[in-house]
Structure formats: structure tokens, C-alpha cells
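return a 3D structure for these sequence lines:
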Amino acid sequence: MHIEDLVFIITGGASGLGAQVVHSIIGKGGFVAIFDINKENSIALVNKYGDHVCYFPGPVDVCFESQVEEALSKTRSHFSNKVLAGAILCSGVLIAPSFIHGFGPENRLTSYRQFEHIVKINLLGAFCVAQKTSEILINNKPFNEDGEKGIIIILSSIVGLDGVIVGYGTSKAALAGLTLPLANELSPFGIRVMSIAPGPFDAPMAYNGLTDPIPALFPHRLGKPKELSDLVLQIIQMPMLNGSVIRMDGALRAKI
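Below you'll find the model as predicted:
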């Protein structure tokens, strides 16, 4: 599937890896709608590129169906002469806010409320946007001879694949586990689903709350946000990539 002249939803697009995806999609001639609660950063990106290519429908909490539906409706109205082609799901949180306490020694163990908060945003929020976007994509006219109508790309994490961090790791493992079933469900309608599981990247939200993130084995450094966004572009343009999780970690395995 091509990128030029098509519209893509970017959740978490106001900062970090999501913002880099915004830059890269626009750089390839695409259009983006930023679904994020961060109003200031989102508006800054709109001002940078102009609202004819970069749109912010207002703060969007992806956990609420009504907000996602309204944002999608505004996006389609704003880009009325363009086709919505997919969503790149980059939003998420690593830890619960400080007012939601854990339990056990020094409150270091994961409480139900912490687990609920993280899973609601990372898993249910991602599925909400994926599902609501897919409702629109299935009605697209095919973009190519394969009958492709759109794509959903999910950011998982090696933390989920390697079984580390109860709340965050479980939510990201669930996103990885969602990839193939969702691809199976949507493939008959020409919609692909792929996930990327990055290791530590040089972006604040990628390891917010962790100290001294461990670099990859080789290259022995943190990932560069543009490396991830380049992979997003490649996935969009490579039709045979469907239903899989791609690790992007330089051979690093997450450890406790």
C-alpha cells in the first residue's frame, strides 16, 4: 500500500515515537490526524506542518469510545477529499500515576488499580482505536490489485514478549497476542495488522520511569526514533507483512 495522499491516525502522536511517526508519514506525502491528550504538543505539530496535512481534533482519551468516534468523525470531515488508510497505535503508559499505590513492601508490588489503569490505556485504548478505524477501512475501495483497504500497526514491546513488569509487560504481551487474531478477523476485508516490539529507544516516553535504560547488544546503543518510523513506513508499503510481531531490539532481551 502506498502512503502518499492517504490519511493515517497516529495515537500518541504528540511526543516521542509517535511524533516521529507523524514526521515520517508527512515526509512521505501522507496526511496525519493526531489522537492524543497532549494539546500543547499536538498543536505545535499542526503549526509546524499546517492543518492541511496535520490535524488535531482536540484532546482524545483513547479509552473512551465516544471520544474516539468523535475524533474519527472530525478527521474524516477535515480530510473530506482524502481516504483514511490506517492507524498507527503508539499511545501508552509505562507506570500508573503516583496517586495509585501498589502494595507489599514499600508499595512496590502491582496493585489491582495500577494493573487496571495500565491495561485500560495500553490494551483497551489501542483496541478501541483499531476497531473504530477498521469500521471505516472495510468500506474503502481497494488500493491495489491485492484488494488492500488499510492497515493497523500496533506498538508492543520486548518487555511484553520477555515477561517483565506485571502491568506494562502484560498489556504489551496482550497487544502482541492481539496481532494475529485481529489480522485473521480483518484479512478477509483487505486490512492488514502488524506489531512492532521495540527495545529501549531514545525517546522519553519509551522508558519514562526507568533509570539507565540498557542499550541493545548490537548496535550497542538505544534505538533511534527514526529507525522505528522507517520500519512503520516499510510495513505500510510491504503487502506480505501481516499478522506478525517484529522485534526491534538489537538482540536485547528484557530482564528483571
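
OK, contacts around S244?
Applying CB atoms under 8 Å, 6 or more residues apart in numbering to S244 gives the contacts T179, L180, M194, S195. (C-beta placed from N, C-alpha, C; glycine too.)

farthest pair within these?
L180 and M194 (10.1 Å; CB to CB).

how about stretch 105-118 as CSV, C-alpha atoms only?
Output of stretch 105-118 as CSV, limited to C-alpha atoms (Å, rounded to 0.1, in the frame of the first residue of the first chain):
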residue,chain,number,x,y,z
PRO,A,105,7.0,-3.8,51.0
GLU,A,106,7.3,-0.1,50.2
ASN,A,107,4.2,-0.4,47.9
ARG,A,108,6.5,-2.0,45.2
LEU,A,109,4.1,-4.7,44.2
THR,A,110,1.5,-4.2,41.5
SER,A,111,-2.0,-3.4,42.9
TYR,A,112,-5.2,-4.1,41.0
ARG,A,113,-5.8,-0.4,40.5
GLN,A,114,-2.3,0.0,38.9
PHE,A,115,-2.9,-3.0,36.7
GLU,A,116,-6.3,-1.8,35.7
HIS,A,117,-5.1,1.7,34.8
ILE,A,118,-2.3,0.5,32.6
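
neighbouring contacts of it?
Outside stretch 105-118, the residues that reach it (CB under 8 Å, 6+ apart) are 93-97, 100-103, 166-168, 170-171.

buried ones only from these, please, as a ChimeraX command.
Typed into ChimeraX, the next command selects the buried ones out of the contacts of stretch 105-118 (criterion: 16 or more other CB atoms under 10 Å):
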select :93,94,95,96,102,167,168,170,171
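
make JSON lines out of the contacts of stretch 105-118 and add distance to G27, secondary structure and pLDDT.
Listed next are these as JSON lines, based on distance: CB to CB, whole Å; DSSP: H, G, I helix; E, B strand; the rest coil; pLDDT from 0 to 100:
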{"residue": "V93", "distance to G27": "28", "secondary structure": "coil", "pLDDT": "94"}
{"residue": "L94", "distance to G27": "28", "secondary structure": "coil", "pLDDT": "93"}
{"residue": "I95", "distance to G27": "32", "secondary structure": "coil", "pLDDT": "93"}
{"residue": "A96", "distance to G27": "35", "secondary structure": "coil", "pLDDT": "95"}
{"residue": "P97", "distance to G27": "34", "secondary structure": "coil", "pLDDT": "93"}
{"residue": "I100", "distance to G27": "38", "secondary structure": "coil", "pLDDT": "96"}
{"residue": "H101", "distance to G27": "43", "secondary structure": "coil", "pLDDT": "96"}
{"residue": "G102", "distance to G27": "42", "secondary structure": "coil", "pLDDT": "96"}
{"residue": "F103", "distance to G27": "46", "secondary structure": "strand", "pLDDT": "96"}
{"residue": "V166", "distance to G27": "38", "secondary structure": "helix", "pLDDT": "96"}
{"residue": "G167", "distance to G27": "34", "secondary structure": "helix", "pLDDT": "97"}
{"residue": "Y168", "distance to G27": "30", "secondary structure": "helix", "pLDDT": "96"}
{"residue": "T170", "distance to G27": "35", "secondary structure": "helix", "pLDDT": "98"}
{"residue": "S171", "distance to G27": "30", "secondary structure": "helix", "pLDDT": "98"}
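
more crowded one of L180 and M194?
The residue with more neighbours, out of L180 and M194, is M194; 22 against 15, by other CB atoms under 10 Å.

residue contacts, that one?
151-154, 179, 183, 235, 241-246.

with C54 instead?
Contacts of C54 by CB under 8 Å, 6+ apart are V22, I26, F31, V32, I34, L45, V46, K48.

which of these ranks first by neighbour count?
V22 (31 neighbours).

using the three-state scheme, assign that residue.
helix (DSSP: H, G, I helix; E, B strand; the rest coil).
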